[in-house]
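**Student:** Please work out how this folds:
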Amino acid sequence: MSDTAKNIEGWIAPRPAPSGTVGAVAWMRENLFSSVGNSILTILGLALIVWLVPGLIEWGFLTADFTGESRKDCTSEGACWALVSVRWKQLLYGFYESEGSLWRPNIAFVGLLIAVVPLLFDKIAYRKYLLWFSLAYPFLAWWLLSGGFFGLEFVDTHKWGGLLLTVVIGVVGIVLSLPIGIVLALGRRSTMPAIRMLCVIFIEFIRGVPLITLLFMASNMLPLFFPEGVDLDKLIRALVVVVLFSSAYMAEVVRGGLQAIPKGQYEAADAMGLSFWKSMFLIILPQALKIVIPGIVNSFIGLFKDTTLVSVIGLLDILGIAKAAVTHSDWIGLAREAYVSVAVVYFVFCFSMSRYSIWLEQKLDTGHKR
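**Tutor:** Have a look, this model is predicted:
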């Protein structure tokens with residue numbers, strides 16, 4: 001005991017880690033200058049940033065015009081953001097009635113945020129009650145946006161546009177394509193030949209045809225098969241096509257996750273006496289979906305960007321509104337400003353989905369780090 005005590009007393013006190021192994025210097029050495037190739041790429045990237053960023057800042061902010069009624073009011077050599085300041089209502093809402101009705105989509109946007117939060121995050125106050133609101137939100141949003149009953153004036157869907165239309169199509173497609181894709185993936189792996197064949201035919205047909213072709217068929221050809229006097233709303237037809245198209249791709253993503261689950265998991269579920277659906281929803285699917293989170297979110301991002309294709313059937317999303325605005329005689333030549341504004345909006349939505357995917361992977365430990 002005495003020798004041990006003496007040895008302990010003679011130990012050297014812990015010292016701080018070398019400055020080159022912690023902090024910003026260590027991070028740059030590990031991520032930016034870890035090899036000769038990475039160092040060259042880092043230097044080239046910094047040179048590109050130095051070359052581009054000052055010019056972009058000068059064009060977009062320092063010498064830009066932010067107000068005006070037409071292109072003629074923009075006298076500087078920088079960007080003419082007057083287009084955005086004048087047409088912001090159309091970029092957000094399309095041709096949604098007059099200014100007096102804009103409170104309806106505003107409330108719908110706020111309600112969407114409230115409805116999405118409890119679905120994405122589990123540690124929030126009053127989550128149980130907010131989930132009930134999330135369940136009722138689709139009906140509330142449709143009533144607010146469409147109207148026609150309970151005292152709200154009816155607004156035809158051909159007046160919907162801009163970011164409003166983009167969000168409607170994107171959210172509906174994302175919410176519905178995942179459960180439908182799961183059902184299709186399970187059907188494709190079914191032991192019943194008829195069910196498996198129907199799912200395979202549907203998935204392969206949808207994946208083999210471009211979305212723009214399906215939208216065109218739904219808009220122009222499908223009404224020819226309706227009985228006389230029957231006319232399904234164009235937006236509803238577009239939503240159905242987008243959901244079915246996305247669900248076919250989602251089915252393959254989910255099927256990849258199901259195939260990654262070891263056979264022992266299925267056997268363990270059978271040994272516990274669980275039925276097929278219980279084993280799927282309690283054991284197999286939770287593991288499979290965690291594995292394919294990157295693929296699922298990637299499909300969601302692709303779907304959100306594909307909403308621009310609805311312009312081929314006469315529905316003007318935010319990109320369609322921007323393209324229509326720059327063809328007006330007052331704003332000819334401002335395509336850069338219009339497309340940059342739209343690109344920023346898409347980047348915010350897609351980057352947010354990407355970061356949430358990374359956070360969810362880390363939260364659920366889907367990376368299976370060793």
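**Student:** Pass me the low-pLDDT residue ranges in the protein, would you?
**Tutor:** The model of the chain has pLDDT under 70 over residues 1-10, 17, 19-20, 22, 97-100, 366-370.
**Student:** and it, what are its domains?
**Tutor:** 18-61, 97-154, 165-364 (automatic domain parsing).
**Student:** Quickly compare those domains and say which is most buried.
**Tutor:** Ranked by mean neighbour count, the domains of the chain are led by domain 165-364 with a mean of 17 (mean count of other C-beta atoms under 10 Å). For glycine as for every other residue, the C-beta is placed from the backbone atoms N, C-alpha and C.
**Student:** Could I get the contacting residues of the most centrally placed residue in the chain?
**Tutor:** Centroid-nearest residue in the chain: Ile301, 4.0 Å away (criterion: C-alpha atoms, centre = their mean). Residues counted as contacts of Ile301 (C-beta atoms under 8 Å, 6 or more residues apart in numbering) are 350, 353-354.
**Student:** coming back round to it: and the domains of the chain: which comes nearest Ala82?
**Tutor:** Distance to Ala82, taken as C-beta to C-beta, is lowest for domain 165-364 among the domains of the chain, at 8.5 Å.
**Student:** Endpoints of that closest one, how far apart?
**Tutor:** 33 Å (C-alpha to C-alpha, to the nearest Å).
**Student:** hang on, the earlier thing: can you classify the residue nearest to the centre of the chain as helix, strand or coil?
**Tutor:** Put simply, Ile301 is helix when judged by DSSP: H, G, I helix; E, B strand; the rest coil.
**Student:** Excluding chain neighbours, what is closest to Gly173?
**Tutor:** Val242 (4.5 Å; C-beta to C-beta, 6 or more residues apart in numbering).
**Student:** Next secondary structure element downstream of the helix or strand hosting the one you found?
**Tutor:** Assigned by DSSP states H and E, Val242 falls within helix 234-260. Toward the C-terminus, helix 234-260 is succeeded by helix 263-271 as the next helix or strand (DSSP H and E).
**Student:** Could you list the residues in contact with that next one?
**Tutor:** Against helix 263-271 from outside (C-beta under 8 Å, 6+ apart): 278-279, 282-284, 287.
**Student:** switch the cut-off to 10 Å
**Tutor:** Helix 263-271 is contacted from outside by 258, 262, 274-276, 278-280, 282-284, 287-288, using C-beta atoms under 10 Å, 6 or more residues apart in numbering.
**Student:** same deal with stretch 123-135?
**Tutor:** 111-112, 114-119, 121, 137, 140.
**Student:** still on that earlier bit, could the contacts of Ile301 be laid out in a markdown table, adding distance to Gly60 and secondary structure?
**Tutor:** Formatted as a markdown table, the contacts of Ile301 follow (distance: C-beta to C-beta, whole Å; DSSP: H, G, I helix; E, B strand; the rest coil):
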| residue | distance to Gly60 | secondary structure |
| --- | --- | --- |
| Cys350 | 21 | helix |
| Met353 | 25 | helix |
| Ser354 | 24 | helix |
